[in-house]
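Novice: One predicted model, sequence on top.
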Amino acid sequence: MVEEENFNEISESERISLKFNEMLDCINDDTDNTSTFSDVNFEEIENFEKEIKEQEICNEMDEIIDHLEQQNFMPCVIIDFIEGKFQRCKGTGKLRQLRNLFGTWQVDRDAVKEVDGVLSKLGVCDSHFQFDNKYLHQSLSKNQKGFNEGIIQWRRCISCKKYVTFFSRGVGCVIHTWYLNKKNIQVPCIGQYKCKALHSYQNLCNRAYENIKSLQSICCLCYEDLGGHIHRRSGIRGKSATTCITEKLHDDDITKGLEFIGNLLIKIAQMENNNVKKNILIKTFEILLPLTFNEITDFATTIPTTTTNTSINYEEQEKIILDKPPSLFMIKFLFIKIFKEKEEFGRTFGQKLWNSRLNINSKKSAMESPQTLQEYYDAFPEFLNDFFYGMVDEIYQKRMKICNIKRKKNNKLPKITIPEETIKIVTFITSILLNLAFPHLKVWLPRILASFSRMPRLLGYFRQLLRVFHLTSHTDRYERQLAKIRMNTTDPSKRLIKGNNIWNLAIIDNIDFKERTFKFGNIYDVTRGSSHATLRMAFQIQLPIEVKTGPEQVVELTAETSLFGMNQGIENTLTIFQQIIHELLNFKKINEEFTYNTNFNAETIKREILNRLDYGSCGESPNIVILEPGSNPNSDEEILHVAEMYKKDFAMESDSFLDIVADEAIFRRLIKCREKWPYIRPLLGQWHTSKDFCSVLLVLFSSYGLLSLASHLGVRFLDKFESAIDYRSTARVLDLIWAAVGIAINIYITKKKLLFSEIMNDEENDHICLKIWYLYYKWTGIWKAHRIGMRVGNFGLQRDSLSAAGPLYASAAKSNYTTAIAHFLATIAAHPQLEKKLNYCSAFKIPHDIDSGLHHVCFGFDEALETFGVRFIKGNISGNIIDEKNLKDQIKASQSERERIDLLMSEYLNDNSISHSERAVNSRQESLWELVNDLIVIFGMDDPLSHQLFQKYTPTEIHQEGLDRLIACYPNGLERIEGIYRQEVLKIESRNTKGRRAVGVVRTKVKDYNNQKKSRNQPVTMPTQPSQDEILNEQSTDNLPDTTKPQSKQKKHRTTKEEMEILSVLKVYKDKLPDDAIASVCEQLSEIWTKKKIKDWWNYHKDK
């Protein structure tokens, strides 16, 4: 009774609609809905179908809009043609009640449901109201009906059968409602403003006026599909709208009408009722008979003007005199039922399958767990088996007949059809249909296929199974043969775009593969084979100017050319960073105390920075082509050969430069290749450079507490962080620390009334820690500027930040990268035309939706190669990857092979992704601000090493000498890179490599901290008087290396009663043991009790 009372709170039609929509949601849900359908009872479904039939009647109803005063209206609910499609207007300008309209309009069905029956809340914008009153309806007609007659019509479109909603004043518009073929037709009034799809046509079509009964509605979309045209308003004041008349959209209606009639006659010819076909043929022949006596051009003068109605009930014909052809809309509307008959056949078939669920349920066990194929086949409904068996068998018989004719000519025995093959195909088709209709049944074949597809070692059998079901066109063996043919005939260079404004940018990198398994034999003697190749790609950039193919201008460089060190560009960028952090903090002084905002994090700072910087690479995304690969790039000769392959691909002239991007390792070899080919112009990959910049910062600040700050932010594997194994994770952590340090410095100097520019000017030994982290903030800001410059495609920012970063690479002993940076910056300075091209496109622009309003994102060219080249190749290659020829052929054909299956991937699997989400180091605002607060305290401490933040990984260089070494890194590094520039680039000095790999600071690694921790954990034993034998033994081992000295066996310590009493106070902590509690207990115990030993005791005893 309770449930009945609850259901009675809403109307019966609403209750049925809710259940119906709930069922449809389950069917249309993308997720696995097996569990949902398993709860559906067959008896409930039968009752539910009765309710659906009642609901179809309830769906055709009218609701009167009550006269209620409203202050707030929903945004305009009118459906109109907006931004290239039919959608809700949602206008908010001068909203009025919907009932103020006079004409008939299609309205958004969901919006009507949102008001929950209070229809007076529905709004219409001023634009639609004015158009309805001024253009669609004259003032005299408006007086025929009052405002209180406004209704919402719940209808079903007679064409698409979808449920739609209309507004009208009264049952319909007296001006725009028509009586067509003895039926009242309603379309939105805006569809009849200029369009003449509906017009008076003898006795066939006339205005209904007040005689409106049993309206049949047509939605906006179907009205256009049937030949009508919804008026497109311009939306711009003073600009006239285009109409179907001005665009001459009806000029081809006669042609289209004849084509429609022709298709209709074909449909009728396929019917089984010969009497109908006979009568229609007679009447059609009577009309076309004059063609046999006259030319087609004279046909119009001889054809009789009187004909019969197209209705096939010839006993009740009406004579209609036609003086002009009907509109295309009328033709399509009159015969819409005939074209729906084939669709209705499918619906009837589906309904019969749905109604057979009781019969299916009775054979549930055989359908879910069959013992034989025949048992599985017999479990399906008989009408399904008969239909599909007959269809498949008929196709087999036709194929077999043709096959046997050919075999007879070749003197071979004829083939016969095998019923089992037909049954296999029939069971596959019927299994799909039943699994679609009744997922709760656990149909055997779909479930087995789901398990089968997850067994990689049975993949060959899975392919055979697909061939049995004829889902694949040929065998796996034949596909391998076809793949070899496609690979051999593929020419990737044909994918290159030719044009005078195309800048061809080459990019190469090493790509390696390993065998999936070991070879047979002793695994200790045989290692997995590997293969290497040089991946070659081309990025084709469309420039706004014509690319000159002749000799380029080359600027002569000298030792005085300024290429390295801080510059105005990077200074301005760092100033922007500082201003953004200061503005976000929004300092205020209230009652002699400073207050500041804390409601932002590193992502907020990043967004503000991106809004302040200029974006580059604003043209189209480059065209990417994967070219034929080269061999193993382990020699200068092979790198030169790979570079020379681009001559043919790009059809280069003899004096044209090859702009080629590579990482530092290949870049060095390309520099050597310029001795043999002077027109190679190597460009240093900026993504790899940014990745190595992370290592520079980790080296320089390893002894100043960087590991402690990273650990505080939640980094667990500091050894991986120290080695920059994962660039994105490492960069994210460094960025978080930069944000925390920048915020903390701004807060501290504001409280202490210090100027930001004077932090390093203090000559006293004060604020050592502040100065150290000020340098981190500044130098990491250079790295951040370089990285953001790459992301926004701003080449000027990349160049300026790299110039400022060069000395830091030298001080961090990055000798190879220092040399590469010197060559790269010199190349840019010497070739102004190259710089002009890079200013237009310095990175790969990720394709994005322009209408989204968001800025584009760019990848470095070498990063794009890693993402869209290496990863793409490894994901789309198969077969024997150790065979060099096969590997090269597959790389060459990988792009064309993927395009062959792109339609399948995009249309069936919705795989439209390009680049995926970021890695899993999140900017947690709480941890960030905890670190900020700790740094503020540390900056003001006389002994910062005593702070809890530095206890686990104690910095060794936070003192004046360490600060001096850190400050000297930049000028010393600047001197080094300038020397390399003179020796390696200009070659005006003799080459001297001494000191290039010297680190400018004391470097501390994670393993150093771990070794110290191990030594601290070793127990200290009290010294005793050694015996004579022990003295002799010690003297004999003094000269031995540490690893050979015998280790004394440690004696196990037993916890005393007094120690137990001291340690028992720790049992009150259940989840986490505070550091201060450990320290308190440590003071009461002997030195044998380390922090680790105390934690181990607590972990063992806390729950006892």
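Specialist: Structure's in. What do you need?

Novice: For the closest residue to Tyr840 other than its chain neighbours, give me phi and psi.
Specialist: Across the structure, with CB to CB, 6 or more residues apart in numbering as the measure, the residue nearest Tyr840 apart from its sequence neighbours is Leu543 (5.9 Å). Where you see a C-beta, it was placed from the backbone N, CA and C, and this is true even at glycine. Dihedral angles of Leu543 (phi, psi; degrees, to the nearest 10) stand at phi -90, psi 150.

Novice: Tell me how many other residues surround Leu543.
Specialist: The local packing count at Leu543 equals 16, with neighbours defined by other CB atoms under 10 Å.

Novice: mind listing what it touches?
Specialist: For Leu543, the contacting residues are Asn501, Ile502, Trp503, Gly619, Lys837, Tyr840, Cys841, taking CB atoms under 8 Å, 6 or more residues apart in numbering as the criterion.

Novice: what bridges to the closest residue to the second one other than its chain neighbours?
Specialist: Setting aside the residues directly before and after it, Ile502 is nearest to Gln540 in space (CB to CB, 6+ apart), at 5.4 Å. Each beta-bridge partner of Gln540 is listed here, defined by DSSP bridges: Asn504, Asn623.

Novice: which secondary structure elements does the lengthiest helix in the chain contact?
Specialist: With residue count as the measure and DSSP state H as the assignment, the chain has helix 382-409 as its longest helix. Secondary-structure packing of helix 382-409 (3 or more CB pairs under 8 Å, 6 or more residues apart in numbering; DSSP states H and E): helix 341-355, helix 419-437.

Novice: For it, buried residues please.
Specialist: Leu384, Asn385, Phe388, Tyr389, Val392, Asp393, Tyr396 (16 or more other CB atoms under 10 Å).

Novice: Which residue is the nearest non-sequential neighbour of the first one?
Specialist: Here the nearest residue to Leu384 in space, its sequence neighbours aside, is Thr430; by CB to CB, 6+ apart that works out to 5.0 Å.

Novice: What is the burial count for that neighbour?
Specialist: Neighbour count for Thr430, taken as other CB under 10 Å: 24.

Novice: residues contacting it?
Specialist: Phe380, Leu384, Asn385, Phe388.

Novice: likewise Glu957?
Specialist: Neighbours of Glu957 in contact, by CB under 8 Å, 6+ apart: Ser703, Tyr704, Leu963, Arg965, Leu966, Val1001, Val1002, Thr1004.

Novice: Checking my notes, it in a strand, right?
Specialist: No. Using DSSP: H, G, I helix; E, B strand; the rest coil, the assignment for Glu957 is coil, not a strand.

Novice: Could you pull up the contacting residues of the closest residue to it other than its chain neighbours?
Specialist: In space, and not counting its chain neighbours, Glu957 is closest to Ser703: 4.0 Å by CB to CB, 6+ apart. By CB under 8 Å, 6+ apart, Ser703 lies in contact with Pro955, Thr956, Glu957, Gly962, Val1001, Val1002, Arg1003, Thr1004.

Novice: So Ser703: helix, strand or coil?
Specialist: coil.

Novice: ok, Lys213 touching Asn184?
Specialist: Yes. With contact taken as CB atoms under 8 Å, Lys213 and Asn184 are classed as touching, separated by 6.2 Å.

Novice: sorry, back to before: relative to helix 419-437, how tilted is the longest helix of the chain?
Specialist: Using axes from the mean of the first three to the mean of the last three CA atoms, to 10 degrees, one finds that helix 382-409 and helix 419-437 are set 140 degrees apart in direction.

Novice: so how far is helix 382-409 off the chain centroid?
Specialist: Helix 382-409 has its average C-alpha position 46 Å from the chain's average C-alpha position, going by CA atoms, centre = their mean, to the nearest Å.

Novice: Then stretch 1073-1080?
Specialist: A distance of 48 Å separates the centroid of the chain from that of stretch 1073-1080, by CA atoms, centre = their mean.

Novice: Check the gap between the residue nearest to Ile502 and Lys648 for me.
Specialist: For Gln540, the distance to Lys648 under the criterion CB to CB, to the nearest Å works out to 16 Å.

Novice: and stretch 465-473, how far apart are its ends?
Specialist: 12 Å (CA to CA, to the nearest Å).

Novice: That stretch: which residues count as buried?
Specialist: Residues of stretch 465-473 classed as buried by neighbour count (16+ other CB under 10 Å): Leu465.

Novice: just how off-centre is it within its chain?
Specialist: Between the mean C-alpha location of stretch 465-473 and the chain-wide mean there is a distance of 32 Å, by CA atoms, centre = their mean.

Novice: Pull the residues that contact that stretch.
Specialist: For stretch 465-473, using CB under 8 Å, 6+ apart, the contacting residues are Glu421, Lys424, Ile425, Phe428, Leu449, Phe452, Arg463, His474, Thr475, Asp476, Glu479.

Novice: Please apply the same query to stretch 113-128.
Specialist: In this structure, residues lying in contact with stretch 113-128 by CB under 8 Å, 6+ apart are 63-70, 72-78, 80, 89, 91-101, 105, 107, 111-112, 152, 167, 233, 235.

Novice: Restricted to helices, list these.
Specialist: Short answer: these in helices (DSSP H) are Ala111, Val112.

Novice: Quick one: buried ones out of the contacts of stretch 113-128?
Specialist: With neighbours counted by 16+ other CB under 10 Å, those contain buried members at 65, 73-78, 80, 89, 91, 95, 97-99, 101, 105, 107, 111-112, 152, 167, 233.

Novice: and those, which of them are in strands?
Specialist: By the criterion of DSSP state E, membership of the buried ones among the contacts of stretch 113-128 in strands covers Asp80, Gln97, Trp105, Val107, Ile152, Phe167.

Novice: In contact with the residue nearest to the fourth one when sequence neighbours are not counted, which residues?
Specialist: With sequence-adjacent residues excluded and distances taken as CB to CB, 6+ apart, Val107 is closest to Val77, at 4.6 Å. Contact partners of Val77, counting by CB under 8 Å, 6+ apart, are Arg88, Cys89, Leu98, Val107, Asp108, Ala111, Val112, Leu122, Gly123, Val124.
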